[in-house]
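Engineer: Sequence first, predicted model second:
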Amino acid sequence: MSTVLVTGALGYVGSQTVARLHEQGATVVPTDIDTPANRKAARRLPSGISVRWADLTERGHVTRLLTDVAPAAIVHLAAVIPAATYLNAKLSRKVNVEATRLLVEAAEQLSQRPRFVHASSVAVHGSRNPYHNRILTADSPLNPVDSYGAQKLAAENIVRQSGLEWLILRLGAVVSTDVRSLPVSADVMFLEWSSPSDGRINTVDVRDVAAAFAAAVGSNVSGEILMIGGDDSHRQLQGDMGPAVAEAMGLRNVYPRGRPGNPNDDSAWFVCDWMDTARSQEVLDFQHHSWPDMLAEIRTRVGALRYLLTALSPIARVVLRRRTPYRGQPGIYADPWGLAYQRWPGARPD
């Protein structure tokens, strides 16, 4: 396998993708922005892999990077994701949209144009009312309701209109059995707990996401959008996913249940849904970790610590339920975007 440039290489998905490509014999060139946290993360990459530090929002950095590396393929993972997107929508757009534009333009100037594998999101489809919407496909309507979805759709259009050979992978809810690596924060939990408990969500193991990107690099398929979610066991309800993970860790009955969604309001639902992954699985053969197997692995990883966490469950239950977004709020239905727009003005679509 030839040289593969991986952007956002030290992130949640990026580090797994670098490792997967390395295992498959590719010459991997990871790139990311130079920060103390990323310097630390770089030390955990496979031996012999050196990071190229670059700011992809700077044209000079991008041009120099691609000229020096001359990759046969680019896996573009660099992005600002929710809820960080909402906290600084201007910077987020610079990274999620303009950096994609600079990268595509620089790639088009190379004498040998690289294959471009782009990471997108189901957020481009907008709110998904399970009472009215069928299972999500690449052809489902595009109607982003937040700045992240709008930015990812704009980036998709840049890639699709380019002169490069491309594949776009739209990711579902990426999860990991290494709970320490999950990008969890108070803002992320607020977003999760405000989502309708009966909303559909399709999780996918981060290792399977990495397998999908690695397979996309060498695939003979191009010019397609592929949906990346786990197998049928990963088709869940929003209100069941978090409690299942907490239970696997030993935290029993601690997760706030949240509110159901309004069946008659298509706008008041989160952006996740069950996904038709038949085509993506056919092309990429990436689904290797079922949801039950992931939960079993979490139990094994936590080990004896589960006993301590179980003992702490009553305290955790009280603390978490005091932090639910709907505590003291009138109404019976969830209103995730009403809460999001109020908390983060930058959450509104660009």
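Structural biologist: Yep, that arrived. Numbering: from 1, shown residues only.

Engineer: mind listing the strands for the protein?
Structural biologist: Read by DSSP state E, the chain holds these strands, from start to end of the chain: 3-7, 27-32, 52-53, 73-76, 115-121, 166-171, 173-175, 200-205, 224-228, 235-237.

Engineer: and those strands as TSV, adding mean neighbour count, mean pLDDT and distance to Val97?
Structural biologist: The way it works is simple: take the backbone N, C-alpha and C, and place the C-beta from them, glycine included. Converted to TSV, the strands of the chain look like this (neighbours: other CB atoms under 10 Å; pLDDT from 0 to 100; distance: least, CB to CB, whole Å):
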stretch	mean neighbour count	mean pLDDT	distance to Val97
strand 3-7	26	98	14
strand 27-32	24	97	18
strand 52-53	17	97	22
strand 73-76	26	98	12
strand 115-121	25	98	12
strand 166-171	24	98	14
strand 173-175	22	96	21
strand 200-205	24	98	24
strand 224-228	22	98	18
strand 235-237	18	97	31
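
Engineer: Which residue, other than its chain neighbours, is closest to Leu164?
Structural biologist: Once its chain neighbours are removed from consideration, Leu164 has its nearest residue in Phe116; the separation is 4.5 Å (CB to CB, 6 or more residues apart in numbering).

Engineer: give me every residue that touches that neighbour.
Structural biologist: Residues touching Phe116, when contacts are defined by CB atoms under 8 Å, 6 or more residues apart in numbering, comprise 73-74, 76, 104, 107, 159, 162, 164-167.

Engineer: hang on, the earlier thing: switch the strands of the chain over to a markdown table; also include distance to Ser280.
Structural biologist: Converted to a markdown table, those look like this (distance: least, CB to CB, whole Å):
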| stretch | distance to Ser280 |
| --- | --- |
| strand 3-7 | 20 |
| strand 27-32 | 22 |
| strand 52-53 | 29 |
| strand 73-76 | 16 |
| strand 115-121 | 12 |
| strand 166-171 | 8 |
| strand 173-175 | 14 |
| strand 200-205 | 10 |
| strand 224-228 | 4 |
| strand 235-237 | 15 |
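
Engineer: Sketch out the low-pLDDT regions of this structure for me.
Structural biologist: Confidence mapping of the chain against pLDDT under 70 gives the ranges 1, 182-184.

Engineer: And the helices in it, which stretches?
Structural biologist: If you assign secondary structure with DSSP state H, the helices in the chain sit at 14-23, 36-42, 59-69, 84-87, 89-93, 99-108, 147-160, 186-194, 206-218, 238-249, 278-284, 291-302, 305-321, 336-343.
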